[in-house]
Every structure is written in C-alpha cells, then in structure tokens.
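# coordinates for the following, if possible.
(2 chains)
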Amino acid sequence: MTIESHLQAAISNAFKSLFDHNISVSDVALQPTRKDFQGSHTFVLFPYLKVTKKSPEESGQIIGEYLRSTSDVVADFNVVKGFLNLVISDETWLQILGEIQASESFGFSPKNGQKVMVEYSSPNTNKPLHLGHLRNNFIGYSVAEILKANGYDVQKVQIVNDRGIHICKSMVAYEKFGNGESPDSADIKGDHLIGRYYVRFDKEYKAEIEKLVANGMPKGEAEKQAPILLKAQETLKKWEEGDDETVALWKKMNGWVYDGFNATYERMGVDFDKFYYESDTYLLGKDIIEKGLESGVLFKNDDGSVWIDLEDEGLDKKLLLRSDGTAVYMTQDLGTADMRHADYPFDKCIYVVGNEQDYHFKVLFLILKKLGMDYANGLYHLSYGMVDLPTGKMKSREGTVVDADDLMNQMVSTAERKTKELGKIEGFSNDQAKELYETLGLGALKYFLLKVDPKKRMLFNPEESIEFQGNTGPFVQYTHARIAAILRKANNDATVLEIKNDQPLHHAELELIRLLADFPIRVKEAGENYSPSVIAQYVYDLAKEYNRFYTEVPIFGEDKDLVSLRVVLSKCVAETINKGMGLLGVDVPERM
RNA sequence: GGCCUCGUAGUUCAAUGGAUAGAAUAGGAGUUUCCUAAACUCUAGAUACAGGUUCGAUUCCUGUCGAGGCUACCA
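Below is the predicted model of the structure:
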C-alpha cells in the first residue's frame, strides 16, 4: 500500500467520522508539500469548507488531530492557511525503503492484459533521417517502454513510405547519373547515397525549368513539362504496373536505404516489432469505402468521387476516393488501421506523428467512428511539435536540415573531447572509453529531446544541446556513476536494511525517500497524455536531490546504522535512476 | 478568410484550478586534508495585453496582439 493511498483512506475516514460526510477515497486529492513547509503530503481544505462548516485553520486542526491520533503513518501535521501539511513517520519511510529494496519490480505494474500498438518513425525512403525523426523516434520508443512498464502488452510498428513520386525521383536521378554506384563503392551509408540522388533530381529539375522558361515557355507550364519530371511520372506508372526492371531497381535502392536506416536505429537504441510498407497498403481501404457508401455514412459525387461530410463536427467535406476511383492518403490509412487491428487486436493504438497532421488524424478517427469500427475509440494521435533551429525552421531546400547521423557523431565526439579535457578516463581501455563517449553523447541527445513536453515545439541549439551541466542526461548519468562508486567502496556489505527506528532521518534523506516513494510510473490516461518528459523530470529531481544529499551528509566513518541506511538509500536511488532512464532509452554508466 | 496549437526570468524548459510561479543556463559571490568538483551553496531576474468565472487563475471562458501549423482529386 502506498503512502498516498493510505492517506486517502485515512482522510476519507476522517470526514466520515468527524463530519458524517462521504468522500470517495480516490477523490481525496493530495499534492506534494512545498519545500518551505514541514511535511511531505498536503491536503487542500478549501473545497471542503462547506462540509466542515468551520474556518480553514480550524478544519485543518481537527482533521490533522484525527489523522495523527488514528493513523500510524501520520506523525505530525501543521496547518498553513487552507493547507493541511502532513508529516509522515520515520517508521513508514523506512518501511517504504525496505519495500523498494526488496522488490525487484518496484515502480512497474503487473500485466493488465491490454494491448497497445505504437506507431512511430515511419520515414520516407528517399532521404536519410533528420533531427525531426530523432524526436519522433525517442518519443515513440519511450512511450512504448513506459506503457510496458505500466503493464500493457506493446507492439512497436512503423509504416515505411516506400513508394510514390518522391521515390521515383531518386530512381530517375540514379539511372541518369549513378553509373552503377553503390553504397560500398561510394563508401557511404545507403540512405545518404539515395538522399544525394534525390537532391540531384531537384537540381536537374530546376535547371530544366530554367531552360524551358528561357526558350519562352511560361513557368507554370515548364514545371509540368520538364523532361526529368515526366520521366519520374513514367517510372511511377511503370512501377504501379509491376514492370520488372523498375521494380528491381526500386527494390535495390530501397534495400540500400533500409541498411542505412537499420544502422541508425541500432545506434539510437530504438527497435520495432513489425514493419508495414506502403507498397503493400496503398491500395487498401476501398472495401471500407464500399461499406461506408452502403451504410450511407459516405456519399458519391456526380463525377464518381467519394466524400464524407463532417460539417456537423465543425470540419469540412473530405475526399476519400478520387473520381477515377484511385485512393488517397486517407483511404490508405483507413485500410491500414483495419488491417493492423486484424493483425494485432489492440485496445489502443498510438500514432506518434508530428502536429502538422493534427487535422488528418482528427478526420481519420472520426471517419472510423462513424463507420462503426469498434476499435476507433482506442486510437490516439500523439502529436508532437516541430524541432526548430536557432536559424528558424528546418528546410530541406535551404539545406538547413540537421542530419541524424551527423548529429549523433557530433554529440559523441563532443563527449569525447570534454571527457578527455577533464581527464576522466584513466584506467579505461580504448573500447571502454569509446563506449563511454557513445553513452554520454547519445544520452545527452535523447534526454535533451525528451525532457520537453512532446506537444510543444522546441528549439534545438546544436551548441547548447551538448551540455553536460544542469538538467541534462550526463548530469543524471554522472550521479549514477558516483553512486556506483560508493557502492563499490562499501563492498555491498550493507545490503540488508538495518536501521534503528529511533534514529531520526535527516532532511535530505527524507526528501530522497519521498521521491523514491513517488517512483511508480503512471501513464497519465485521463487526458491521454503519454509523457516521457515526466520521467525525465523525475530522474533529474532524484539525481539533483542525491547530489545535495551527497554534499550535506558525510556517509562513511559514522554511526554504523546510518552508514547502512545511506548505502541502502544509494542503492535504491541508483536502481530508480537506472529504471527511469531505461524507460527513456538512456543508458547509465557505472563509471565515467 | 476559416480551423488547430502555442505566448512564463536575457535564454532553454517546469508548474492534476492552490501556498511566496519552480529549475537550468548566462551574470554576481563562495565551497575541495575525505567516498568521482561533469558537484554543491548563496545572490539577482518572468506569467504578451484587457476583461470574465472562482474562496483562489500561468492553468478555464471571451476579446486583442504575436509565433507556428493545417486548410490539395500530394503522401
């Protein structure tokens, strides 16, 4: 039983016996006590003054007295204005610490039998991953891990955008300028190689337009008539017809890209249980449209195109099938949702996709609901904001896109430089040192991108992101390494909790234990708010408090019981940091 | 034009409707005979504006201003 649930029950009882008033246990709202006041949990009295029919101070006194005399958990209390601050007994704190110490799965929930599908990443196969993908991938991965920790069965999936005109553009440019080049022969990652040809296409396309315009063609016309574009469109058509040569080239080039992506994913530490490909799904959804027409949810225009009217919902009309009968993006997403639910009958499905698609998903979910799909209420768009640069938005045309691989390299080499400057790697082998730089560089990057509320757009300053002080990944990692050192020196000989109950706890210790007691991971489900930033803030608070504790309290050479308490506390903090960072996909080193 | 997000210290971020709006960085002043100083302590500094609801508003509502996104028979 947690402290919180105990207090909730006790307060509910207090209202019953003192005021003959029923408050359901879960309605008792507690909040952490502000630092300046004594206590750890605070009960706000204002909402209940009508029940108590007394002043806030008086109500607090009465309830506080009742709790102190009837509950073993509450040792003391004070009332400040309308706030009842509760002081938890040392015995309770020690018991909590004992439970944390004894429990392998502390903070994690047992299986709840629910299935969640998390879709994230979902790149195009015509260029390498960039900074925006990093935010997407880290959020998607963390959310999946947090859900697992909360007892869900999770399947991580992505849908690869492996077809379409943009892919054909790279293909055309490669055929024209490639000379049989391959990632091996060019000594470059496959995704970067293809990205080059995509850029090359654009360059050529622009040159051709210019030429046509110079010859007197209007600009709009030239943009449609440029030979290389026509060639790309032809390639798309051939691909759709299943032309052997075209499909073979498409397969070869996409294969290179996948090799490149896989290397990047592996370095990022993210993974997937299943890949979906648009080349398999782009024709899906038409049967759903049929059903929608039959049931009258959708309607057909005179020209044969199919629409849904969402004006009742404050939205507009949306096209679902072109007049020539071909599918659009929305059609495909309808079909994909259906297929996925058949593959993996999820209770919830979370789409980690940028907020520029808010409208799309709003409409998608609404359509599925209107079509009566039973899973539609479990769909959720985890919308995240763009990553801005100090120079403004990332724009591929202006070459201001930050490449994911380049950025990771830069982070790791900065970690290396700073570590060497500080002379921190004495006694490390080469391999160990390299591993450390990797852990630090990527830890800094992941933490930096995850600590911000996903829904907000954020600013990424390449220089400031490689920061090792303050609210950063390396700060937390460093704390973990220091704790590990203490435990090594203590030879783990104090693994059993041996604390005398009459030994009053130090303020810093209490603060740490309070944080530990809060550890159980909770997904905020009320507002469907899946937030790695909460975990990040949590482990940072814990690490910061530990560092304060560390300077305030000399650990060794004192009373033996206190030594063991502090070692146990250190172990618990270390483990909690480990688990918390694990949920974010950030490693914590034993030494650094 | 319509719809959706977002406006908090110089800067980057916090704050289930609750107390004196927290951190971090940058600025100023300190701390190391001892367990990892990538640390710690002190100091100064902010809710875009105007109304409303409430015992109480950064949070909810309305309007103004500002930033971004969406508004394709593209994906």
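
# which single residue in chain A comes nearest to RNA strand B?
In chain A, the residue that lies nearest RNA strand B is A:Gly470 (2.1 Å; Cβ to the nearest atom of the strand). No exception for glycine: its C-beta is placed from N, CA and C like everyone else's.

# and that residue, what is it in contact with?
Listed by Cβ atoms under 8 Å, 6 or more residues apart in numbering, the contact set of A:Gly470 is empty.

# which phi and psi does it have?
When read as degrees, to the nearest 10, the backbone of A:Gly470 gives phi 80, psi -150.

# what's the pLDDT at it?
Predicted confidence (pLDDT) for A:Gly470: 91.

# would you check how far apart it and A:Phe19 are?
47 Å (Cβ to Cβ, to the nearest Å).

# same question, A:Ile288
56 Å.

# which one of those two has more residues nearby?
A:Ile288 (20 against 17; other Cβ atoms under 10 Å).

# separation between the closest residue to the more buried one other than its chain neighbours and A:Ile159?
Spatial nearest neighbour of A:Ile288, chain neighbours left out: A:Leu334 (5.0 Å); criterion: Cβ to Cβ, 6 or more residues apart in numbering. Distance from A:Leu334 to A:Ile159, counting by Cβ to Cβ: 13 Å.

# also A:Tyr375?
A:Tyr375 is 17 Å from A:Ile159, by Cβ to Cβ.

# A:Lys176 too?
30 Å.

# looking at the two, which one has more neighbours?
Between A:Lys176 and A:Ile159, A:Ile159 has the larger neighbour count (other Cβ under 10 Å), namely 22 against 14.

# so the more buried one touches A:Ser279, yeah?
No: the criterion here is Cβ atoms under 8 Å, and A:Ile159 misses it with A:Ser279 at 10.6 Å.

# check which helix or strand covers the spatially most central residue of chain A.
The centre of chain A sits closest to A:Ile139, judged by Cα atoms, centre = their mean, with a distance of 2.2 Å. Assigning secondary structure by DSSP states H and E places A:Ile139 in helix A:131-149.

# is A:Phe275 bridged to anything, and to what?
Beta-bridge pairing for A:Phe275 (DSSP bridges): A:Gln158.

# contacts only, for it.
A:Phe275 neighbours (Cβ under 8 Å, 6+ apart): A:157-160.

# next one: phi and psi at the closest residue to A:Ile11 other than its chain neighbours?
Nearest residue to A:Ile11 in three dimensions, chain neighbours excluded: A:Val28, at 4.9 Å (Cβ to Cβ, 6+ apart). Note on A:Val28: its backbone torsions stand at phi -70, psi 110 [degrees, to the nearest 10].

# could I get the pLDDT score of A:Val28?
89.

# ok, A:Leu45 touching A:Gly60?
Yes: taking contacts as Cβ under 8 Å, A:Leu45 lies within contact range of A:Gly60: 5.5 Å.

# who touches both of the two?
Shared contacts of A:Leu45 and A:Gly60 (Cβ under 8 Å, 6+ apart): A:79, A:82-84.

# residues in contact with stretch A:206-223?
A:225-229.

# would you list the residues you listed in TSV and tack on pLDDT?
As requested, the contacts of stretch A:206-223 are exported to TSV (pLDDT from 0 to 100):
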residue	pLDDT
A:Gln225	90
A:Ala226	92
A:Pro227	93
A:Ile228	94
A:Leu229	93
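
# check those and tell me the two furthest apart.
Within these, A:Gln225 and A:Ile228 form the most distant pair, 10.5 Å apart (Cβ to Cβ).

# list, out of the contacts of A:Phe275, those positioned next to RNA strand B.
Contacts with RNA strand B within the contacts of A:Phe275, counted by Cβ under 7 Å from any atom of the strand: none were found.

# would you show me how to pick out the buried ones of the residues you listed in PyMOL?
Here is the PyMOL selection string for the buried members of the contacts of A:Phe275, based on 16 or more other Cβ atoms under 10 Å:
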select buried, chain A and resi 157+158+159+160
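
# could the contacts of A:Phe275 be laid out in CSV, adding distance to A:Asp187 and pLDDT?
Formatted as CSV, the contacts of A:Phe275 follow (distance: Cβ to Cβ, whole Å; pLDDT from 0 to 100):
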residue, distance to A:Asp187, pLDDT
A:Val157, 33, 97
A:Gln158, 28, 95
A:Ile159, 31, 94
A:Val160, 25, 94
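
# nearest to A:Glu234, of the contacts of A:Phe275?
Top of the list for closeness to A:Glu234, among the contacts of A:Phe275 and by Cβ to Cβ, is A:Val160 at 23.6 Å.

# quick check: the closest one touching A:Thr125?
Yes: counting by Cβ under 8 Å, A:Val160 does reach A:Thr125; the two are 6.4 Å apart.

# on that earlier part again, the residue nearest to the centre of chain A is in contact with A:Ser383, isn't it?
No: using Cβ under 8 Å, A:Ile139 is not in contact with A:Ser383; the gap is 10.3 Å.

# quick one: the strands in chain A?
Along chain A, the segments classed as strands by DSSP state E run A:30-32, A:41-44, A:74-80, A:83-88, A:115-119, A:153-160, A:274-277, A:299-300, A:306-309, A:317-321, A:348-354, A:379-384, A:387-388, A:458-459.

# what about the fourth one, distance to the chain center?
Averaged C-alpha coordinates place strand A:83-88 at 34 Å from its chain's average position (Cα atoms, centre = their mean, to the nearest Å).

# packing partners for the helix or strand of chain A with the lowest mean pLDDT?
Across the helices and strands of chain A, the lowest-confidence element by mean pLDDT, DSSP states H and E is helix A:462-465, at a mean of 76. Applying 3 or more Cβ pairs under 8 Å, 6 or more residues apart in numbering; DSSP states H and E, one finds that helix A:462-465 makes contact with helix A:404-421, helix A:430-450.

# the stretch 351-500 of chain A against RNA strand B: which residues are in contact?
Residues of the stretch 351-500 of chain A lying near RNA strand B (Cβ under 7 Å from any atom of the strand): A:355-360, A:385-386, A:393, A:415, A:418-419, A:422, A:424, A:440, A:451-453, A:455-459, A:461, A:464, A:467-472, A:474-475, A:478, A:481-482, A:484-486, A:489.

# which among the residues you listed count as buried?
Applying 16+ other Cβ under 10 Å to these flags A:355, A:360, A:385-386, A:415, A:418-419, A:424, A:440, A:451-452, A:458, A:467-468, A:471-472, A:474-475, A:478, A:481-482, A:484, A:486 as buried.
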